[in-house]
Structures are given as C-alpha cells and as structure tokens.
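A.B. asks: whatever this is, show me its structure:
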Amino acid sequence: MFYSALIPVFTFIKHSGTSAGGVYTVDRVADKIDFVHDHICVLRSGAAGQSQQTAHKIRYLIDSHSIEQGKLPHVLTAARMFQKINYEKQLQTGYIVAGWDPYRGPQVYSVNLGGATLERDFTMGGSGSGFIYGYCDANYKPNMTYEEAKNFCITAVSLAMKRDGSSGGIIRTANITEKGIEK
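C.D. replies: Sure, this is the predicted structure:
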C-alpha cells in the first residue's frame, strides 16, 4: 500500500491494494484516492474500513464548512480534521492530505497513526514505502515539471511494488492544480 504525493506540481500516485489485516491481499485494485473537496484529495492506508469511513465523514464536514464560510476550504483544515479524528478515535490509519487552495497554494500533509500532521515537500506511506526511501531521497528535486514529477512517482511506486507483497497491482494518478483535480 504505497502512496506518494508531491508538490508544487501535484501528482498523486496510489499503489492500490487492500489487505485483510495480515499478509493476505483482498483487493489488488482498490481505489484509495478519495476526493475531499474540489481541490483536496486524501490517500488512505491502514485499516480500510476505518479510513474509508473517515474520508466520507471529512468530505461531509469540509463541504459543510465550505458552505458556511462561503469560500474554498483550506487544505490544512482538512488535514487537521483527519488528525483530530485519528487521534481521538485512535484509528489504525494513515493519510496523505493534499490539495490546492487560494490562500497557500499547493500543499501536502502527512497524517500518521498517532495523528501527528506534518507538511512536506513530498511524502509517502503505507507498507511499500519503507522499500523506497533511498530512491526518493536521491531522486526528488524541488520544482519538477509535471512530467518529471509523474515519472518520479511512477518509478517510486513501481520499485515499491516489486518488494512489497501486501500492495496491490495497479497505479492510479491524480493531478491537483488551481483548476481542480484531474484523475
């Protein structure tokens, strides 16, 4: 279950797979990129049911918040909502919350199992991520073009797929800009 997110050109890659709490992969083509709002996505890892339910709840809360405020939501607001639920309910889930807003531009946040939320230039998580930290550290560079970012992410995910038996068998991409989300 490797996923990667990258800014300022947003290319999200999700190596999809859902395991059954162990080494058995139940669904190798699960789509774990969820839309939180028009310019915000979340990539989920960990307990599939918990993470999916949380993503649906946050989507509802962000929509309500956006309507009440009469403007686009902050990406950080969505990340903090995932953080709060993850911490308070002690979920076995991890998230990458990423998107674009007119207040701070493109942003990527890593929300870990304990609820810590960190803004990053790029981040990864899930079972396959441990295999490719060296590749990512050596090959990431700031201000990549869209094609460079996409190739970086696809290569990283492909490397993770070769080593991680719990990950799925498909790569999905999404690009988020001020124009919206292109999947």
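
A.B. asks: next SSE after the host helix or strand of residue 57?
C.D. replies: The secondary structure element spanning residue 57 is helix 48-69 (assigned by DSSP states H and E). Beyond helix 48-69 on the C-terminal side, the first helix or strand identified by DSSP H and E is helix 75-89.

A.B. asks: how about residues contacting that following helix?
C.D. replies: With CB atoms under 8 Å, 6 or more residues apart in numbering as the contact definition, helix 75-89 has outside contacts at 36-37, 39-40, 42, 54, 57-58, 61-62, 65, 91, 93, 95, 97-101, 104, 107, 109, 111-117, 119. Every C-beta, even on glycine, is put in place using the N, C-alpha and C of the backbone.

A.B. asks: what is the neighbour count of residue 39?
C.D. replies: Residue 39 is flanked by 23 other residues according to other CB atoms under 10 Å.

A.B. asks: now the helix holding residue 57, how far from the centre of its chain.
C.D. replies: Mean-position distance between helix 48-69 and its chain equals 15 Å (CA atoms, centre = their mean, to the nearest Å).

A.B. asks: okay, angle between it and helix 75-89 too, please.
C.D. replies: Helix 48-69 runs at 130 degrees relative to helix 75-89, counting by axes from the mean of the first three to the mean of the last three CA atoms, to 10 degrees.

A.B. asks: could you say what helices and strands helix 48-69 packs with?
C.D. replies: Packing partners of helix 48-69 (3 or more CB pairs under 8 Å, 6 or more residues apart in numbering; DSSP states H and E): strand 33-37, strand 40-46, helix 75-89, strand 93-101.

A.B. asks: can you report how many residues lie near residue 64?
C.D. replies: 11.

A.B. asks: list the buried residues of the helix holding residue 57.
C.D. replies: Buried residues in helix 48-69, defined by neighbour count with 16 or more other CB atoms under 10 Å: 48, 50-52, 54-55, 58-59, 61-62, 65-66.

A.B. asks: number of nearby residues for residue 122?
C.D. replies: The tally of other residues near residue 122 (other CB under 10 Å) stands at 22.

A.B. asks: that one bridge partners, please.
C.D. replies: Each beta-bridge partner of residue 122 is listed here, defined by DSSP bridges: residue 6.

A.B. asks: what pLDDT is listed against it?
C.D. replies: Per-residue confidence for residue 122 comes out at a pLDDT of 89.

A.B. asks: now swap in residue 112 and tell me
C.D. replies: The per-residue pLDDT reported for residue 112 equals 90.

A.B. asks: and it, what does it touch?
C.D. replies: For residue 112, counting by CB under 8 Å, 6+ apart, the contacting residues are 86, 94, 125.
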